[in-house]
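J.: Requesting a structural model of the entry that follows:
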Amino acid sequence: MMRRTDPTVWGQADNGPFTDTEVAAYVVKGFHIEPGLLTPAQVQACWTEFERLANDSEVEASGAIIREHGSDAVRSIFAVHRHSPVIDALARTPRILDRARQILGSEVYIHQSRINAMPGMVGTGFGWHSDFETWHAEDGLPAPRTVSLSIALTDNFAFNGGLMLMPGAHRVFVPCVGQTPDDNFRESLQKQKVGVPSDDAVTELGLEYGIEQFTGPAGHALFFDSNSMHASSNNITPYSRANVFLVFNSVENAPAAPYGAAAPRPAHIADRDTTPLTPIHNSEFA
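T.: The predicted structure follows:
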């Protein structure tokens, strides 16, 4: 494991919606929870899009819909900002976009977008991992200069697969051993086996940094660093969980050739169009 040399916040603390106190806490913990980022009506607009996209044959044919292993239940829908004007407008909403710019200190674009579903009784979790390890190795992002936003579309409880994070562990980079198989994404999006830390590494980090969990009603949001160590458990409850997931990357951190794979992942999983996002001021999310 290596100590991170890159900053967590690249911009100025006083240049955006986050307060100085919130920025300072983000630097220490690697994440920030924003209660009530979306209203119930705005949540419903996103949920309606989730249902529409899940039943769209063109989206299915594009490969953007990932289903639970051994089930027809939707696990994830990728490139939702490309398939949905509603989600595109959400990403460009100034009070969201300006937070990403503030943390990254530059113009930004969407590296990845998806809606993660954790269907009741059959939803399987995501093991402990840092997103940056994969984005560096398989997508070619040079540095952890990205911020992820997860917005709850359903109530996130401690018992229905709510996201767990290790506060402060983003300051440690855990390189993962092994060679990336060709087209690793086809299996890893259902159950990731390559590019994950060892049990010993997770144990060491967990004992040093502890674990917190993102829970709360629909509309709550979590901003977190790309090198945050995080995971979610299976959902064996009747209460389904779904979250919109937007990854903002700095335009100054454009993807290069993958550092640990033969070829980059498909564009619907890792977008290589680094055109800066322009704000939309008059959408339903304003």
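
J.: tell me the contacts of S228?
T.: S228 makes contacts with 30-31, 130-131, 165-166, 169-170, as judged by CB atoms under 8 Å, 6 or more residues apart in numbering. In this view, the C-beta of every residue, glycine as well, is placed from N, C-alpha and C.

J.: can you put those residues in a markdown table and add secondary structure?
T.: A markdown table is the format used below for these (DSSP: H, G, I helix; E, B strand; the rest coil):
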| residue | secondary structure |
| --- | --- |
| G30 | coil |
| F31 | strand |
| S130 | strand |
| D131 | helix |
| L165 | strand |
| M166 | coil |
| A169 | helix |
| H170 | helix |
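
J.: Make CSV out of those and add distance to S226.
T.: CSV is the format used below for the contacts of S228 (distance: CB to CB, whole Å):
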residue, distance to S226
G30, 9
F31, 11
S130, 7
D131, 5
L165, 12
M166, 14
A169, 12
H170, 8
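
J.: quick check, P258 in a strand?
T.: No: assignment of P258 by three-state DSSP gives coil, placing it outside any strand.

J.: neighbours around the closest residue to it other than its chain neighbours, how many?
T.: Nearest non-adjacent residue to P258, counting by CB to CB, 6 or more residues apart in numbering: G140, 4.7 Å away. For G140, the tally of surrounding residues (other CB atoms under 10 Å) stands at 19.

J.: pretty sure G140 is in contact with A257, am I right?
T.: Yes: G140 lies in contact with A257 (CB atoms under 8 Å); the separation is 5.3 Å.

J.: tell me, what's touching those two both at once?
T.: P264.

J.: got the residue ranges for the strands in the stretch 51-200 of the chain?
T.: 65-67, 74-78, 108-118, 126-130, 146-152, 164-165, 172-173 (DSSP state E, counting those that start in this stretch).

J.: Can I get those in a markdown table including mean pLDDT?
T.: Output for those, formatted as a markdown table (pLDDT from 0 to 100):
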| stretch | mean pLDDT |
| --- | --- |
| strand 65-67 | 95 |
| strand 74-78 | 96 |
| strand 108-118 | 97 |
| strand 126-130 | 93 |
| strand 146-152 | 98 |
| strand 164-165 | 98 |
| strand 172-173 | 96 |
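
J.: between those, which gets nearest to S198?
T.: strand 126-130 (9.8 Å; CB to CB).

J.: helices or strands next to the closest one in the packing?
T.: Strand 126-130 sits against strand 229-232, with contacts defined as 3 or more CB pairs under 8 Å, 6 or more residues apart in numbering; DSSP states H and E.

J.: Go ahead and name everything in contact with the strand it packs on.
T.: Against strand 229-232 from outside (CB under 8 Å, 6+ apart): 118, 125-130, 161-166, 169-170, 172, 174, 197, 202, 205, 209, 224.
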